[in-house]
Each structure stands twice: as structure tokens, then as C-alpha cells.
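> this is the structure alone, sequence omitted:
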């Protein structure tokens, strides 16, 4: 025991010494956040909350329940699912004080798979779950992609039918509609996992490795509006990827015989049927047989949503069916379909179409004591209004009256009331509209109902 105590003292002295030395040598700490992450001031949080609230409200209207988990997971979860490349190059992975290797989650899919596998026998299927976690990836920050972001994850387990796939895409569509986007602002493209690979290997005798290389090139070539490869670059890259079969494939792509081969696949017809079902519901989804997704676990329908505006020409989000989700846990197979929607790309698209919300304060009234002796009556009024669910701020710092109204204006508080001797005796107030400067007289007991009437009605979400 004494040895342990001695060690703790030594560590304490060392930490204290290092702190004093660093403080002595340090000129000034930077106020910038860590590269690739964001600070959220109140005005930023207002936008984030708007984004999250639309997500949450929409999915809950379809019967989805929210779940959550820690941002820390054992690294083996990602080794098993995604391999060493993702863990070693794209994640924040480290060893804790118990020498256990842990990772800040780069995505939520392995976590939800773990949760479902852990209570497989206790859960009632079909299972409708969603979450809005923050996730971390160590990559180069750029427009639409940061090292940390928040992502809506929507998953439907235990329903391997066409209508389940349609429900997931319908939810994604309605979220965009509830943000105020028009159908012309985005395009939904869908396909079926595996039909490209199967066609390349069966019809054109490509090996597994060759087909993967070609699929990756096709993904870059037909990536919505943001083609990552030009036509000539694609041809050159194809020649390098499969030199012995490049000419045959080039002719097949140009003459559309490759597309005809794709149409023979069962998955192609399934995608067409889904396209028709969505069209009947007024959802503008289009089949694109060349569409592919970056993860290997998709086993059925896949879809991706693209912004149609050249100013923000990019993929916004996507998803699909992944029925092999629980394989890494050795659990019984459960069908699953879902999507992930990140807050960064959504904020970009709302900004592109001028759909970012005007900031509103949650505080609806500033109560101003005329002097310190009226604090008590102001507190009583504030407590009464709060009991009715109205957010109220009580001015505790003495300011000139004009400065109080400026304070309300700066904090976007729409109404203010001053309480002094006359108000205390008569029970009558004069409520000031900070924006219009209008004064409305009323009884103190009526102010709660009056403020409630001023609230703007929100549109009904789909």
C-alpha cells in the first residue's frame, strides 16, 4: 500500500510540474476547434436542432423508436465488419488504460447489429429503430465531409419484402419534403446489390478481383451529377484495370449490350417493381443499374439521393438492404433495410436552396424589474408563466431601460415587460413587442394566454 501511495504522489508531482512548465512556456492557446470538427454556438445549435427535430419527428410518425449507445466500441467490432484498412486508416483507435483497443464509432451499423444480436430472442419483429449519433472518421475535411458529424440512422428489421424497402425510401423522401425541398431539388436513384458483379463475372468472364475494380470505376463514372471520372478518364482507367477485357467492355457500355445483360438479373426486375410502387405513391425514384454503394454488406436493394443543383452537385445520403448484418456475431440471420443521413450534407443542401430556418429564441418574454425591490414580484410572475410552459428570462443585472430592450433584441426575445410600483399595485402590465415596439396593456393574470396566442403555428409534417 505505501508503494502505491508513493507512486500516486510521484505522478501527481510530475503532472503538476509538467503543467507549470507548459504554462510557463505557453504564450497563448488557440481558440480554434480540432481540425474537422465543429463548435456550435447558439445560432448554430438552432440550425442543428431544426435538422434533428425534422428527422426525429418524421421517423417517429412511421412508428420508429429511438435507441442509443456509447461512442466507444471494441475495435474488434470494426475489424470483423470492415477489415484492417478502415480501422487503421480511417478511425480514431487507441488503447485504454486497461490495454484494451477501442475505437470512436465511425458508423452506427455495427453497433445496432450488436444490440439486435444481444437480445435477438427478446425482441418483437418487425423492429423499427432509429438513432441520431455523432460518428468519427479520420479523413481529409472537405465540403460535405468532416471528421465528426451527426447521422440519422433508420433501420427496419425482420421484413424482407418489397413494401419494407418502399417504406424506408418513403421516409427518406418525406424527411426532405419536411425540410421544404421540392421534388425537383433532389433525385432518388435505386438499383440492386450484386447485379453488376454477377453480370461482369457470368457474361464477361471477369474474376472476382477484376469485377470489383470495374465496379469501383463505374461508381465514380456515374456518381449522380458529380462525375468523378470523365468519359476519357473512365476508358483509360478501365484499360488499366482490366487490360485484356477493356475493349470488350467499352463496346458493351457504348452499345448498351451490357445494360441488356443487366436486365436479365432478378434484382433488376425487383428494382423496377420498387420503382413502380414508389411512383404510385408520388415518390420520384429512378432505376439506375450502374449505381453501387461503398460497403460490401448490401444484399438487396440499394439507393442513393443526389442534389440536382450544380452548386451543390453531390450525393447526399443513401442506404439499402443488408440481410447479413448479424453474421459477425454468429447469430441467426435477420433481414434489415435502412439508410443513414448526415447533418453536414443536409445543412449544405438547405443552405443551397435558402431553406435554413430563421433563428427563434426559445425564450418568449424578458421580465425587467424597475428596481431591485421588485425582484420578488418578478420572480412570482416568472414562476407562474413557466408553470404554463412559457420560457421566461428574468433580468438580474441592473441596466438602463433602453439597454434592457437592446438585450432582448440581441437575444431574439420577442416580448418584454417592466414591473414597478404601479404594476405591483394595479396588477396591470404593458407588454412590449421588441420587433414592432408596440405596447399591449393587459392584466397580469392574462399574460400567459396572450403569449401562447402569439406563437406561430408550425406546418404539419408528412
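The structure has been received and is ready for your questions. Every value quoted in this text rests on a predicted model; they were computed, and no experiment measured them.
> and residue 43, how close does it get to residue 361?
11 Å (Cβ to Cβ, to the nearest Å). Where you see a C-beta, it was placed from the backbone N, CA and C, and this is true even at glycine.
> looking at those two, which is more packed in?
Neighbour count, other Cβ atoms under 10 Å: between residue 43 and residue 361, residue 361 has more, with 15 against 9.
> contacting residues around the closest residue to that one other than its chain neighbours?
For residue 361, ignoring the flanking residues on the chain, the nearest one in space by Cβ to Cβ, 6 or more residues apart in numbering is residue 412 at 3.9 Å. Going by Cβ atoms under 8 Å, 6 or more residues apart in numbering, residue 412 touches 359, 360, 361.
> just the element for the last one, please.
Following DSSP states H and E, one finds residue 361 outside all helices and strands.
> which secondary structure elements does the strand of greatest length in the chain contact?
Criterion DSSP state E: the longest strand present in the chain is strand 148-157. Applying 3 or more Cβ pairs under 8 Å, 6 or more residues apart in numbering; DSSP states H and E, we find strand 148-157 packed against helix 42-60, helix 109-118, strand 127-131, strand 134-136, helix 162-178, strand 336-342, helix 343-352.
> will you turn those into TSV that also has distance to residue 72?
Compiled in TSV, the helices and strands packed on strand 148-157 are given as follows (distance: least, Cβ to Cβ, whole Å):
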stretch	distance to residue 72
helix 42-60	22
helix 109-118	10
strand 127-131	15
strand 134-136	10
helix 162-178	28
strand 336-342	19
helix 343-352	21
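> tell me which of those is the most buried.
strand 336-342 (a mean of 23; mean count of other Cβ atoms under 10 Å).
> could you list the paired strands of that strand along with their orientation?
Applying DSSP bridges, strand 336-342 is found paired with strand 148-157 (antiparallel), strand 315-321 (antiparallel).
> centre of the chain to that strand, how far?
Put simply, strand 336-342 sits 10 Å off its chain's centre (Cα atoms, centre = their mean, to the nearest Å).
> looking at the chain, which helix or strand is least sure?
Every helix and strand of the chain was ranked by mean pLDDT, DSSP states H and E. The lowest is helix 2-25, at a mean of 48.
> before we move on, back to that, minimum distance to residue 221: which of the helices and strands packed on strand 148-157 has it?
Proximity to residue 221 (Cβ to Cβ) singles out helix 343-352 among the helices and strands packed on strand 148-157, at 21.2 Å.
> between strand 148-157 and the closest one, find me the angle.
If you take axes from the mean of the first three to the mean of the last three Cα atoms, to 10 degrees, helix 343-352 sits at 100 degrees to strand 148-157.
> what is helix 343-352 packed up against?
Judged by 3+ Cβ pairs under 8 Å, 6+ apart, helix 343-352 is in contact with helix 42-60, strand 148-157, strand 315-321.
> give me the three-state assignment for the nearest residue to residue 318 once chain neighbours are set aside.
Computed as Cβ to Cβ, 6+ apart, the closest residue to residue 318 that is not its neighbour in sequence is residue 304, at 3.6 Å. With DSSP: H, G, I helix; E, B strand; the rest coil as the basis, residue 304 sits in strand.
> how close does residue 304 sit to residue 175?
Separation of residue 304 from residue 175 (Cβ to Cβ): 15 Å.
> same check on residue 30?
From residue 30 across to residue 175, the span is 37 Å (Cβ to Cβ).
> which residues of the protein score low on pLDDT?
Applying pLDDT under 70 to the chain flags residues 1-26, 82-85, 222-229, 294-296, 456-461.
> what's the domain layout of it?
Per automatic domain parsing, the structural domains of the chain span 42-352, 365-454.
> quick one on the thing from earlier: the longest strand of the chain vs helix 42-60, what angle?
10 degrees.
> just how off-centre is strand 148-157 within its chain?
On Cα atoms, centre = their mean, the centre of strand 148-157 falls 7 Å from the chain's centre.
> quick one, it and strand 127-131 angle?
180 degrees.
> quick one, strand 148-157 and helix 109-118 angle?
Using the same axes, to 10 degrees: strand 148-157 against helix 109-118 is 40 degrees.
> check which residues of strand 148-157 are buried.
Within strand 148-157, the residues that qualify as buried are 148, 149, 150, 151, 152, 153, 154, 155, 156, 157, counting by 16 or more other Cβ atoms under 10 Å.
> sorry, back to before: quick one: which helix or strand includes the residue nearest to residue 361?
Here residue 412, judged by DSSP H and E, is contained in no helix and no strand.
> for it, phi and psi?
phi 60, psi 30 (degrees, to the nearest 10).
> can we start the residue count at 51 from this point?
Sure thing, new numbering starts at 51, so read that last one as residue 462.
> now residue 90. Nearest residue, chain neighbours left out?
Closest residue to residue 90 apart from its sequence neighbours, by Cβ to Cβ, 6+ apart: residue 98 at 6.0 Å.
> and that neighbour, what does it touch?
Residue 98 is in contact with 90, 200, 393, counting by Cβ under 8 Å, 6+ apart.
> again with residue 440
Listed by Cβ under 8 Å, 6+ apart, the contact set of residue 440 reads 414, 415, 498, 501, 502.
> what's the closest of the residues you listed to residue 329?
So of the contacts of residue 440, ranked by how close each gets to residue 329 (Cβ to Cβ), first place is residue 502, at 43.2 Å.
> you'd agree that closest one is in a helix?
Yes: under three-state DSSP, residue 502 falls within a helix.
> wait, it sits on residue 438?
Yes: between residue 502 and residue 438 there is a contact under Cβ atoms under 8 Å: 7.3 Å.
> what residues are shared contacts of those two?
With Cβ under 8 Å, 6+ apart, residue 502 and residue 438 have no common neighbours.
> before we move on, back to that, how far away is the residue nearest to residue 368 from residue 390?
Between residue 354 and residue 390 the distance is 11 Å, computed by Cβ to Cβ.
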